[in-house]
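**Student:** sequence unknown, structure follows:
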Ligand code: ATP
Ligand code: MG
C-alpha cells in the first residue's frame, strides 16, 4: 500500500515533492486537505521523516483532530500490510486497535498539528521565560491564557475602577477592539500614541498600557499575544529561533489564503531562520508546503490577506528558475459536489474581479437541480426548510439528520430555524452558540485550576475566592487588593499570608483562611494527579458540587451535568495526549473554539454560520436568508471589495454541498430586533445560471402557517401532513411583539407548580418550579422532548391551558 493510492496525478505530485517550497492552489473540494494529510504520512512512511520534525497548521482544532485520526489510520494500514502482509479490512478489530495504538505512541503524539494559536502557545510553554519585552514585562511558563471574555473584563476593570471612566461613554468593548487592533499591527502603547489624537485617543493608549501591565501581573496572555510574542521572541533570540528552525524541517499550512501578516511572519521565521525568504536556498531535507484557494478567503475582517498566498512563490520560490510549475501544483477536479452545484458555484465566483481564473471540473454526475424557495418571512422560511427536511427523510431510507447543514450569514438567524426544528422534533446542534467553555460553572472550575497552576492569576483568584460563598467581604478584598498593588505583588501572596489575614479578624478572615487552606491542599495534590481527577477534587473540596446539589433546581442540575462534561473533556484530552498535564488541558480549553464541537458522530442537523463551515462538507446544504443587506451584508453593498468577499463566502457555502443545495429568501424580515423590513432577493441569486436552479416555487404563506401552528398547539394535530401552500403574501400580520403582548396573561396571575401551559414555539409543558413572587416571578417549564426552560411569564409567549 502506498500513500499515493486514492489520489490523482496532481495530488501525487504534491505528496511526493520531498524538499523545497511547494504551493498547492485549487478550488473547493478538489482534495487539497486530503493531499496535505497524505503528504504527512508520506514524509514519515516513505522519507523517514521524524514525526517530531513536522509542524502542520489547520484552521480549527477540529480539523487538527480529524487530520490526526486520518493519519493514524493511513499509517496503521500501511503497518498492517508490511507486518502481516494483509489488507487492513481483513484484520480482526483487536489487532486493528493494537496497530493504531502503536502508531499513536510512535507517531501521532509526536506530531505538532493544530491551529496557529494552539501550536505557538505550546511553543511559548518552552521558552516564554526567555522573552525580553520592550517594556520590561515578564511571564513564566505557567502563564494563563485569557479568552475574549476574560480580556474584556480586564479592560472593563481598568476603565471603570482604575481610570474611573464612565463605561457608557468610553465603552470597554470598543477599547478592547482598539487594543487588539494595535497589537495586530505590532504597535506598543507608545507607537499607538503616535497614531491617535484627542482625549479619547490618550485614554485608549493609557488603557492599553495598563492592560499590558495587568496581563503580565496576572502572568497571562490574550489570544493576540499567543502569536505576537512568538514573533518577537523568534526575532530577538537567535538561539531559540535556530532551535525551532532546526527542529521543524517540514512545515505545512492548510487554508493558507486566510493567513494574516503575523502568522506569515511566524512561518517565515521558522522556515528561513530569519533570513529573507527569497534568498533562502538551503532546502536539503526541508520543505514548506501550503495549500489554499484565494476564492475562499473570507476572514479579511481578522486581517487575513490572500495576497500572502499569491506571493508564496516570490517569497519562498526558486528565483533562479523560470519554471514556476516546479513550486506550484494545481488541482482541477472536484470530488465533492454534483456538477450542477459546482457549475453554479463556478458561475457565481466568476463575477469577482479580484481573482485568478482557474479550472474546476466536476467528477461526479449532474445530480438534481438547486432548489430556490421564496417565503413570506423568516418564520415561514424556517418552516419551509424544516418541512423540506421532513420530506427528504420520508423519501429516502438512507437519510440521516447528520447529513444536513443549515448555513446562514449571521448567528442571530439560527433562532427562527431552531424554533421550527424544536417544533418538528428534529435533533440539531448549533455550532457557535454560547461556547461550552463560556458557561459560568465551567469558567469557575477552570479558574480554580488556573489558580493552582498560576497563583499570580488574580483575575481567576477574584473569580473564585467567594464561590461558593465564604463570607469574604468586598471591602476586605479591596483592602487586600490595594495592599497587593502597593507592594507590587500578586494578590495571592497577600491573601495567603496567614498572619496578616488573621489580624483582620471577623468572618472575612475565617473565609480567607479556609480558602487558602483549600488552595494549598489542592496544590499539593495537583503534583501527581491528572487533569480529570483534579477537576473532581476541585468540585468536591471547594464545595461547588454540594452547593449545586443543595440548590436542587433544574438549572443547578444542568450545571452539574455540564461539569460532568468538563470531566469528560479532560478524559478525552488525556486520551489524546499521553503526557497530559493541567497546563496543557487549560490551554486546550482556552483555545477550543465554537467550530470545534466534539460529537459530530451524533445524528443531528448542524446549524452554523457560513464562516464556520469552511473546509467542511455535507450531503445536504440549506443556505438561508439570501437577501440584499443580509447576504451580501448591508455594509458590503457599496464597497466593491467587501462585496467580493461576501461572494467568496457564498462560494464557500455552496461548495459545502455534496448532493443537494437549497437556497431560500424571504420577502420580509425582522432584522436586529427592529421593525419588519421588506427584503429584496440577493444579488447572488441573480448570478446563478438559470438552467441549474429550480425556482419559481409557490410561496409558503407565513401567516397561514402561524395560524396553523396556533391551532396545532391547541388541538395537538400532527403537523407533518398539514402543510399548506399559499400563493402571494399577506401583509398586516401582527408582529411577534404584538402577539406576545396579547398572548401574555393578565398581570398578577398566579402560576402554580403542576399547571400546564402552552408556548408558541415549544408547545405544551408543565410548570415545575416558580421563582420570586408578584411582578418578579419566573417559572421553569418542562416541555416535551427538551430540557426545562426558565421563562418570564410577562414576556414569554405562553398561555395557561
Ligand atoms: P476545501 O477547499 O473545501 O477545503 P479541499 O480541496 O480541501 O476542499 P478535500 O476536503 O480534501 O478538498 O476533499 C473533498 C472531498 O473529495 C473529500 O470527501 C475527499 O475525501 C474527496 N477526495 C479528495 N481527493 C480525492 C481523490 N483523488 N479521489 C476521490 N475522492 C477524493
Ligand atoms: Mg480543505
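**Tutor:** Sure thing, it's come through. Just so it is clear, the model here is predicted, and its values are computed rather than measured. Ligands and ions are numbered 1, 2, ... in the order given.
**Student:** State the distance from the residue nearest to residue 112 when sequence neighbours are not counted to residue 138.
**Tutor:** Among residues not flanking residue 112 along the chain, residue 55 sits closest, at 4.7 Å (CB to CB, 6 or more residues apart in numbering). No exception for glycine: its C-beta is placed from N, CA and C like everyone else's. Distance, residue 55 to residue 138, using CB to CB, to the nearest Å: 27 Å.
**Student:** give the contact list for residue 623.
**Tutor:** 407-408, 610, 650, 653-654, 661-664 (CB atoms under 8 Å, 6 or more residues apart in numbering).
**Student:** sorry, back to before: when residue 55 and residue 138 are compared, which one has more neighbours?
**Tutor:** residue 55 (23 against 11; other CB atoms under 10 Å).
**Student:** The more buried one: which element?
**Tutor:** Following DSSP states H and E, one finds residue 55 within strand 54-57.
**Student:** Can you list the neighbours in contact with that strand?
**Tutor:** Residues outside strand 54-57 that contact it (CB under 8 Å, 6+ apart): 36, 40, 43-44, 64, 67, 111-116, 119, 248-254, 263, 267, 270.
**Student:** That one and ligand 2, are they touching?
**Tutor:** No: counting by CB under 5 Å from the ion, ligand 2 is not contacted by strand 54-57; separation bottoms out at 12.5 Å.
**Student:** Report the buried residues of the next helix or strand after that strand.
**Tutor:** On the C-terminal side of strand 54-57, the closest following helix or strand by DSSP H and E is helix 61-84. For helix 61-84, burial by neighbour count (16 or more other CB atoms under 10 Å) applies to 61-68, 70-80.
**Student:** Please say whether there is contact between helix 61-84 and ligand 1.
**Tutor:** No: Helix 61-84 lies out of reach of ligand 1 by CB under 6 Å from any ligand atom, never closer than 9.1 Å.
**Student:** what angle sits between the helix or strand just after that helix and helix 61-84?
**Tutor:** Next in sequence after helix 61-84, counting helices and strands by DSSP H and E, comes helix 93-106. Put simply, helix 93-106 runs at 110 degrees to helix 61-84, going by axes from the mean of the first three to the mean of the last three CA atoms, to 10 degrees.
**Student:** which strands and helices sit next to helix 93-106?
**Tutor:** Applying 3 or more CB pairs under 8 Å, 6 or more residues apart in numbering; DSSP states H and E, one finds that helix 93-106 makes contact with helix 61-84.
**Student:** For the residue in the stretch 601-750 of the chain that ligand 2 sits nearest to, list the residues it contacts.
**Tutor:** Using CB to the ion, the point where the stretch 601-750 of the chain gets nearest to ligand 2 is residue 615, with a distance of 4.4 Å. The contact partners of residue 615, by CB under 8 Å, 6+ apart, come to 33, 59-60, 63, 254-255.
**Student:** Now do the SS call for the residue of the chain positioned farthest from its centre.
**Tutor:** Within the chain, the residue lying farthest from the chain centre (CA atoms, centre = their mean) is residue 503, at 47.5 Å. Here residue 503 is helix, with the state taken from DSSP: H, G, I helix; E, B strand; the rest coil.
**Student:** who's in contact with it?
**Tutor:** Contact analysis of residue 503 by CB under 8 Å, 6+ apart lists residue 509.
**Student:** Am I right that residue 214 falls within a helix?
**Tutor:** Yes: judged by three-state DSSP, residue 214 forms part of a helix.
**Student:** Determine the number of other residues adjacent to the residue of the stretch 1-150 of the chain found nearest ligand 1.
**Tutor:** Nearest residue of the stretch 1-150 of the chain to ligand 1 (CB to the nearest ligand atom) works out as residue 31 at 2.7 Å. Other residues lying near residue 31 total 23 when counted by other CB under 10 Å.
**Student:** ok, now how distant is it from residue 297?
**Tutor:** 19 Å.
**Student:** Next: residue 530.
**Tutor:** Applying CB to CB, the value for residue 530 to residue 297 is 41 Å.
**Student:** same thing with residue 171?
**Tutor:** Taken as CB to CB, the span from residue 171 to residue 297 is 30 Å.
**Student:** can you check residue 585 too?
**Tutor:** On the measure of CB to CB, residue 585 and residue 297 end up 33 Å apart.
**Student:** so what's residue 316 closest to, chain neighbours aside?
**Tutor:** residue 21 (3.7 Å).
**Student:** Provide the secondary structure category for that neighbour.
**Tutor:** On the basis of three-state DSSP, residue 21 is classed as strand.
**Student:** burial measure for the residue nearest to residue 50 when sequence neighbours are not counted, as a count.
**Tutor:** Leaving aside its sequence neighbours, residue 50 sits nearest to residue 110 (CB to CB, 6+ apart; 7.6 Å). For residue 110, the neighbour count with other CB under 10 Å is 15.
**Student:** okay but residue 110 is in contact with residue 49, surely?
**Tutor:** No: with contacts counted by CB atoms under 8 Å, residue 110 stays clear of residue 49, the gap being 10.8 Å.
**Student:** which parts of the protein sit against ligand 2?
**Tutor:** 32-33, 615.
**Student:** which of these has the weakest pLDDT?
**Tutor:** The lowest pLDDT within the residues of the chain next to ligand 2 belongs to residue 615, with 92.
**Student:** Could you tell me whether residue 607 really is in a helix?
**Tutor:** No: read with three-state DSSP, residue 607 is strand and lies in no helix.
**Student:** Okay, and the beta partners of residue 633?
**Tutor:** Counting by DSSP bridges, residue 633 forms beta bridges with residue 629.
**Student:** Look up how far ligand 2 lies from the closest residue to residue 641 other than its chain neighbours.
**Tutor:** Nearest in space to residue 641, with sequence neighbours left out and distances taken as CB to CB, 6+ apart, is residue 354 at 6.7 Å. Spatial separation of residue 354 from ligand 2 under the definition CB to the ion, to the nearest Å is 21 Å.
**Student:** State the distance from residue 354 to ligand 1.
**Tutor:** 18 Å (CB to the nearest ligand atom, to the nearest Å).
**Student:** Look at that residue and give its secondary structure.
**Tutor:** Taking three-state DSSP, the label given to residue 354 is coil.
**Student:** pLDDT value on it, please?
**Tutor:** For residue 354, the model assigns a pLDDT of 79.
**Student:** Kindly check the end-to-end length of stretch 460-477 for me.
**Tutor:** 14 Å (CA to CA, to the nearest Å).
**Student:** List the buried residues of that stretch.
**Tutor:** Buried-residue list, stretch 460-477, by 16+ other CB under 10 Å: 460-467, 470, 472-473, 476-477.
**Student:** quick one, what contacts the residue nearest to residue 50?
**Tutor:** 50-52.
**Student:** Considering these, which possesses the most neighbours?
**Tutor:** Top of the contacts of residue 110 by neighbour count (other CB under 10 Å): residue 51, with 20 neighbours.
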